[in-house]
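# sequence and predicted model, in that order:
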Amino acid sequence: MGRVVVVSGGGTGIGRAVAERFARQGDRVTVLGRRAEVLREAARDIDGAHPVRAVAVDLSAPEEVERVLGDLPEHVDVLVNNAGGRGGSPQDGGLKGVAEQWRRVFDGNVLPAVLLTEALLPRLARPGGRVVTIGSVAALRGNGAYGAAKAALMAWNHTLAQQLGPHGATANVVLPGFVAGTGFFGAPAGEEELARRRSQTLVGRVGEPQDIAAAVAFLASPEAGYITGEFLNSNGGAVLGR
Ligand SMILES: NC(=O)c1ccc[n+]([C@@H]2O[C@H](COP(=O)([O-])OP(=O)(O)OC[C@H]3O[C@@H](n4cnc5c(N)ncnc54)[C@H](OP(=O)(O)O)[C@@H]3O)[C@@H](O)[C@H]2O)c1
């Protein structure tokens, strides 16, 4: 298809699977993340018709996003807001620790999507542009600050869809359930944990990054142009349709 695709957090896990999927189908892919070396390696190893471009940036910081704007494509067909993470537990006791944790988690999950999208919005294809944001099943289940941050992305996505719709562009959110083999939990899950996660699904297996990449690819496809402002769960039936 030869579209121009930007994937935040494209150096590891789900983002890398997304980047690989687009690169394989002949798109021009740029991956973003904080660790330059991780990104460089991913860009080198991903097979595709075009070389993958790597841009190291902390997407939580507005001045950082401004700094790299010149390194990002002038025209963007697909933006995948995937960068995010758990953000850890409160480090200090008391309300100060709670406030720090909530700020950290919102900075780490809401701002990367909002800042990168705001920065690239003038470059997004109209008609035909696609913004796909990675939320989480946590937004439906709880999970404290992390779930709340992912739920905030869903509310923000409504505004984005309203903004883009009249120009023939769409904005949607994919909500993964548990996905193994990424950097999200730090260490790889042990057998006991994997069995517990498997048992929570209806399909009897845990998610893989490629499952989420497939959902992203669908929402980013030209055929999905009538779907916007939506949430697509991909969790093996661990949480049913809502
Ligand atoms: N794995 C799961 O079970 C699961 C479930 C539901 C939702 N999710 C969501 O899926 C997305 C991808 O997570 P993953 O599981 O693939 O874990 P991951 O391997 O840790 O991927 C997160 C990626 O985001 C990048 N990133 C994080 N903060 C960033 C920032 N401020 N600026 C730029 N890049 C940043 C990280 O690279 P650097 O560290 O180098 O910056 C990393 O490549 C996240 O939004 C996560 O919340 C994951």
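Sure, I can see it.

# which other residues reach stretch 44-54?
11, 16, 19-20, 22-24, 26-32, 36, 39-40, 42-43, 71 (Cβ atoms under 8 Å, 6 or more residues apart in numbering). (Glycine included, C-beta is placed from N, CA and C.)

# 6 Å instead?
19-20, 23-24, 26, 28-31, 39-40, 43 (Cβ atoms under 6 Å, 6 or more residues apart in numbering).

# now the end-to-end length of it.
9 Å (Cα to Cα, to the nearest Å).

# for the residue nearest the centre of the chain, give me its contacts.
With distances taken as Cα atoms, centre = their mean, the residue of the chain nearest its centroid is Asn82 (1.5 Å). Contact analysis of Asn82 by Cβ under 6 Å, 6+ apart lists 8-9, 14-15, 134.

# so which of the contacts of stretch 44-54 comes closest to Gly190?
The shortest approach to Gly190 among these belongs to Glu20, at 26.3 Å (Cβ to Cβ).

# for the residue nearest to the closest one when sequence neighbours are not counted, report the pLDDT, please.
Nearest residue to Glu20, sequence neighbours excluded (Cβ to Cβ, 6 or more residues apart in numbering): Ile46, at 5.2 Å. For Ile46, the pLDDT comes out at 97.

# what does the one 10 residues further on give?
Looking at Ala56, its pLDDT stands at 98.

# also the one 3 residues further on?
With respect to pLDDT, Leu59 has a value of 98.

# with Ser89 instead?
So Ser89 comes in at 76 (pLDDT).

# then Met1?
61.

# before we move on, back to that, closest to Arg3 out of the contacts of stretch 44-54?
Once Cβ to Cβ is applied, the member of the contacts of stretch 44-54 that ends up nearest Arg3 is Arg28, at 7.3 Å.

# wait, isn't the closest one in contact with Val4?
Yes - counting by Cβ atoms under 6 Å, Arg28 does reach Val4; the two are 5.0 Å apart.

# identify the contacts common to the two.
By Cβ under 6 Å, 6+ apart, no residue touches both Arg28 and Val4.

# list the contacts for Arg130?
So, once contact is read as Cβ under 6 Å, 6+ apart, Arg130 ends up touching 78, 170, 220.

# at 8 Å what do you get?
77-79, 169-172, 219-221, 224.

# swap in Gly11?
31, 33, 35, 38-39, 41-43, 54.

# widest-spaced pair of these?
Longest span within these, Cβ to Cβ: Arg35 and Ala43, 12.1 Å.

# of these two, which one has the most company?
In this view Arg35 and Ala43 are compared by other Cβ atoms under 10 Å, and Ala43 has more residues nearby, 22 against 13.

# ramachandran angles for the residue of the chain most remote from its centre?
Distance from the C-alpha centroid of the chain peaks at Gly94, with 31.6 Å (Cα atoms, centre = their mean). Backbone geometry at Gly94, expressed as degrees, to the nearest 10, gives phi 80, psi 180.

# mind starting the numbering at 64 from now?
Taking 64 as the first residue, the last one we looked at is Gly157.

# what residues does this protein have near the ligand?
71-72, 74-78, 95-98, 101, 120-123, 145-148, 171, 175, 197, 199, 239, 241-242, 245-247 (Cβ under 6 Å from any ligand atom).

# of those, just the buried ones, PyMOL syntax please.
What follows is the PyMOL syntax for the buried subset of these, where burial is set by 16 or more other Cβ atoms under 10 Å:
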select buried, resi 71+72+74+75+76+77+78+95+96+97+101+120+121+122+123+145+146+147+148+171+175+197+199+239+241+242+245+246+247
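
# having no further points to raise, I will conclude here.
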